[in-house]
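> Need the 3D shape of this:
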Amino acid sequence: MMITPLALPPSDTEVDAWLAVLTEAAAADLPHLPPPSRVEVAGRLRVTPARGRPVLWTAGEGGSDGVAALLLFTEEGNTHTAFLDVLTVRPEARRRGVGTALWERVREELLADGRTSVAVMLDLGGPGQAFAEAMGLANVLPMAWYAQEIPAAVPVPAQAPPGYAFHTWHGLVPDAWAPAAAAAHAAMEDAPTGDMDERIQTWTPERLHTLQQLVLDRGGEMITVAAVTPGGEVAAYTEIVLPDPEGTSAVQYDTVVVPAYRGHGLGQAVKAHMAAQAAARHPRLRRIATTVADENGPMRAVNEALGYRRERGVGIYQIKL
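The predicted structure follows:
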């Protein structure tokens, strides 16, 4: 099996071949979901992640049989581990050793770079789970995808609870609010992480802006809605990303309520306000999807109240090398 490393950034031809593999696999494995967007795929391949060093491979003539993308973390505290962002085989090429050959190249790279573990997010019940378990990976954080349908009629924006004001930011959080927003992000430290080797990083205004800029550089759009106090604290926030601003789907990133402000409905309020703001700005938006850990009961309750439905199980799978 011919496995070829890709030089960065890949050419248009290489991006198109990569997209074709992902599109065919998605049509076979997740036919009810929108197909991959070229804007998102090209952005992820061509713009270096802020958190590490990417390594890309293709399988078969012209990369037509399969693809793999590995992220070797370079941030402090995580240089022992890595994340396998993609390992996908075209349906017609499966059961011919393509996936195994790609995995062996991934494993060789990990060992050569001194990594002791790697993780990957997988849909449960599909070919990815069976393959991962055969390779020795185990589910260390059970989760699920939840989706909210956005009606064609723009929802009415939710009102901020008494004592708070809503702020909506497109792209980077303004410099004046970045310290407060970074402090609120630190509340993510109590989110479930299972037995993942990856360690939570300290949030600073610089790190916040760096990760937000990555979304923009890849061609996407990011929207943040925050509930702020009269004293200038960010009590709660939620973020969504449109990987392709012209598409119909968005991904819900973090939704956080700072511990001191929990129990007042802020999580549900910011998410409801976000859905209305995003629908008004992007009339084609019809779907917002998010992952929630199975053990995160409070967030699952918030999503249920907002009309999110459980779509499919996923898990963070990990292997010690």
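> all helices of this structure, in order?
Using DSSP state H, the helices found in the chain span residues 12-29, 38-46, 98-112, 127-134, 178-185, 205-217, 266-281, 297-305.
> of these, which approaches A227 most closely?
In terms of C-beta to C-beta, the element of the helices of the chain nearest to A227 is helix 266-281, at 5.1 Å. Quick note: C-beta positions are derived from backbone N, CA and C, even for glycine.
> Just want the angle from the closest one to helix 297-305.
With axes from the mean of the first three to the mean of the last three C-alpha atoms, to 10 degrees applied, the angle from helix 266-281 to helix 297-305 works out at 40 degrees.
> next one: helix 266-281 to chain centre, how far?
In this view, helix 266-281 has its centroid 19 Å away from the chain centroid, taken as C-alpha atoms, centre = their mean, to the nearest Å.
> which of the helices of the chain is buried the deepest?
When the helices of the chain are scored by mean count of other C-beta atoms under 10 Å, the highest mean neighbour count falls to helix 266-281 (a mean of 22).
> In this structure L102 contacts A59, no?
Yes - taking contacts as C-beta atoms under 8 Å, L102 lies within contact range of A59: 5.6 Å.
> Now do the shared contacts for these two.
Common neighbours of L102 and A59 (criterion: C-beta atoms under 8 Å, 6 or more residues apart in numbering): I3, G66, V67, A68, V89.
> Distance-wise, check D195 relative to V140.
4 Å (C-beta to C-beta, to the nearest Å).
> of these two, who's got more company?
V140 (17 against 11; other C-beta atoms under 10 Å).
> thinking the more buried one is in contact with I319, fair?
No - using C-beta under 8 Å, V140 makes no contact with I319, being 9.6 Å away.
> What ranges in the stretch 101-250 of the chain fall below the confidence cut-off?
154-155, 190-191 (pLDDT under 70).
> 80 instead, please
152-158, 188-194 (pLDDT under 80).
> mind listing the strands for it?
For the stretch 101-250 of the chain, strands defined by DSSP state E, counting those that start in this stretch occupy the ranges 117-123, 138-149, 165-170, 221-228, 234-242, 249-257.
> Same list, those, but as TSV with distance to D16 please.
Shown next, in TSV, are those (distance: least, C-beta to C-beta, whole Å):
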stretch	distance to D16
strand 117-123	24
strand 138-149	27
strand 165-170	30
strand 221-228	23
strand 234-242	22
strand 249-257	21
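> quick one: D195 and L141 touch, right?
Yes - counting by C-beta under 8 Å, L141 is a contact partner of D195 at 7.3 Å.
> For I200, which non-adjacent residue is closest in space?
Of all residues not flanking I200 in the chain, E189 sits nearest, at 5.5 Å (C-beta to C-beta, 6 or more residues apart in numbering).
> do P230 as well
G163 (7.4 Å).
> wait, isn't V258 in contact with A236?
Yes - counting by C-beta under 8 Å, A236 is a contact partner of V258 at 6.6 Å.
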